[in-house]
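# What follows is a predicted structure for the sequence shown.
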Amino acid sequence: MTILVTGGLGFIGSHTVVALIEEGFKVVIADNLSNSSLEVLSSLEDITKENIPFHEIDIADEKVVISLFEEYDFNGVIHFAGYKAVGESVSEPIKYYRNNLLTTLTLADVCKKYGVTKFIFSSSATVYGDNNVPFDETMQLLPTTNPYGETKAICERILTDLANANTDFEVALLRYFNPIGAHPSAVIGELPKGIPNNLMPYITQVAKGNLKELQIFGDDYPTQDGTGVRDYIHVMDLAEGHVAALKNITTGVHIYNLGTGQGTSVLEIVKTFESVNNIKIPYKIVDRRSGDIAFSYADVSKAKKELNWSAKRNLENMCRDSWNFIQAL
């Protein structure tokens, strides 16, 4: 099977490409390099020992997407291409609505035209908003805490309507929690452009000495230590979750949480990173960040039951692999 992976040079996309190739899939990557680097492609080829076709295109551009579907006989798509920073989405909502909706609309439309019915969508736990934890897939969506979550919820509705109108479509909506870690080779990992928006790359940049201290956004949440609690999952577990979804997908719409089912606070992550890697992380408490909630962790029983998938790597693995990647740069 040949799978189109949009945003395939990004953090989650690149690790999923590795997992797909390891399971015998052929992969074509499309990425506009807005938050990734072409160097990742050569790293992927080093890991997989494969020549991976790559196209630097914008998935919102229908003409170039059609050209791609004319060139390859795709059996399915995994759609990662989208902006993903919660805080930035609050300050630049139009940027997020335009990019995240147009890429999904364009890709879904072209898939319909070319009869590509397997569609795996990169969604997010942010669609749950401030629901009671643990979040499960039957909950009403409350993504109004930030525009990023709204874009994911709207894309889920678009793909659900598409599948309802076209009964041969097989759609998996994968709601991620908080991916961290890196490939065990330390060749690929998370390296965002500019100042990191996510916790682990911020920690690793402080550990490296590139940033003075970690900013922790709020210590007055109703959690065990006042800092936000999230469900952190190793990126390779997340990547393997995509392969499981692709292998087990059937007609209709299927929603899965991909997380560990365990909540960990920001300070607990910092302490684990310090302990595992024997390095001190200076930090400063600052005001809460707009759009953040106190608790976010998953009920992962559905993915385990229907996909025979569950996270295998622990918090120590995540912290060690993240730091090993940064040290190897």
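In hand now; what should we look at?
# And the least confident helix or strand in the chain by mean pLDDT, how far out from the chain middle?
Lowest mean confidence among the helices and strands of the chain (mean pLDDT, DSSP states H and E): helix 86-91, at a mean of 88. Distance of helix 86-91 from the chain centroid (C-alpha atoms, centre = their mean, to the nearest Å) equals 17 Å.
# ok, and what's touching it?
83, 95-96, 126, 146-149, 151, 197, 289-292 (C-beta atoms under 8 Å, 6 or more residues apart in numbering). From N, CA and C alone the C-beta is placed, and that goes for glycine too.
# Check which helices and strands the helix or strand just after that helix is in contact with.
As assigned by DSSP states H and E, the chain's next helix or strand after helix 86-91 is helix 93-114. Counting contacts by 3 or more C-beta pairs under 8 Å, 6 or more residues apart in numbering; DSSP states H and E, helix 93-114 packs against helix 62-71, strand 76-79, helix 86-91, strand 118-124, helix 147-165.
# okay, the closest residue to L162 other than its chain neighbours: pLDDT?
Excluding the flanking residues, the one nearest L162 by C-beta to C-beta, 6 or more residues apart in numbering is A108, at 5.4 Å. Note on A108: pLDDT of 98.
# A108 and L159 touch, don't they?
Yes. The pair A108 / L159 is scored as a contact, 6.3 Å apart, by C-beta atoms under 8 Å.
# and G209, how many neighbours does it have?
Residues lying near G209 (other C-beta atoms under 10 Å) number 7.
# quick one on the thing from earlier: out of the helices and strands packed on helix 93-114, the one nearest L102 is which?
L102 lies closest to helix 62-71 among these, at 9.2 Å (C-beta to C-beta).
# any idea how far the closest one is from the chain center?
With C-alpha atoms, centre = their mean, you get 25 Å for helix 62-71.
# just stretch 200-217 next, same as before
On C-alpha atoms, centre = their mean, the centre of stretch 200-217 falls 21 Å from that of its chain.
# Now do the buried residues in it.
By neighbour count on 16 or more other C-beta atoms under 10 Å, the buried set for stretch 200-217 is 200-207, 211, 214, 216-217.
# And T2, its phi and psi?
phi -110, psi 120 (degrees, to the nearest 10).
# Need the pLDDT of it.
Looking at T2, its pLDDT reads 98.
# so who does it touch?
By C-beta under 8 Å, 6+ apart, T2 lies in contact with 25-28, 72-75.
# Over to K212?
206, 282.
# What strand or helix carries it?
Residue-wise, K212 maps onto no helix or strand under DSSP H and E.
# how about it, phi and psi?
The phi/psi pair for K212 (degrees, to the nearest 10) is phi -70, psi -50.
# confidence score at it?
Looking at K212, its pLDDT is 96.
# measure it to I285 for me?
Distance, K212 to I285, by C-beta to C-beta, to the nearest Å: 15 Å.
# okay, now D292: neighbour count?
18.
# doesn't it fall inside a helix?
No. Per DSSP: H, G, I helix; E, B strand; the rest coil, D292 lies outside any helix segment and is coil.
# wait, it sits on R230?
No. Assessed by C-beta under 8 Å, D292 is found out of contact with R230, at 9.8 Å.
# Determine the set of other helices and strands touching the one helix or strand F325 maps to.
If you go by DSSP H and E, F325 is part of helix 315-328. Applying 3+ C-beta pairs under 8 Å, 6+ apart, we find helix 315-328 packed against strand 178-180, helix 199-208, strand 232-234, helix 266-277.
# got the angle for that helix vs helix 266-277?
Helix 315-328 runs at 70 degrees relative to helix 266-277, counting by axes from the mean of the first three to the mean of the last three C-alpha atoms, to 10 degrees.
# quick one on the thing from earlier: need the helices and strands packed on helix 315-328 in TSV with mean pLDDT and distance to V133, can you?
Compiled in TSV, the helices and strands packed on helix 315-328 are given as follows (pLDDT from 0 to 100; distance: least, C-beta to C-beta, whole Å):
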stretch	mean pLDDT	distance to V133
strand 178-180	97	13
helix 199-208	96	18
strand 232-234	98	14
helix 266-277	98	16
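# Please tabulate those in CSV, including the columns distance to S91.
Formatted as CSV, the helices and strands packed on helix 315-328 follow (distance: least, C-beta to C-beta, whole Å):
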stretch, distance to S91
strand 178-180, 21
helix 199-208, 18
strand 232-234, 25
helix 266-277, 21
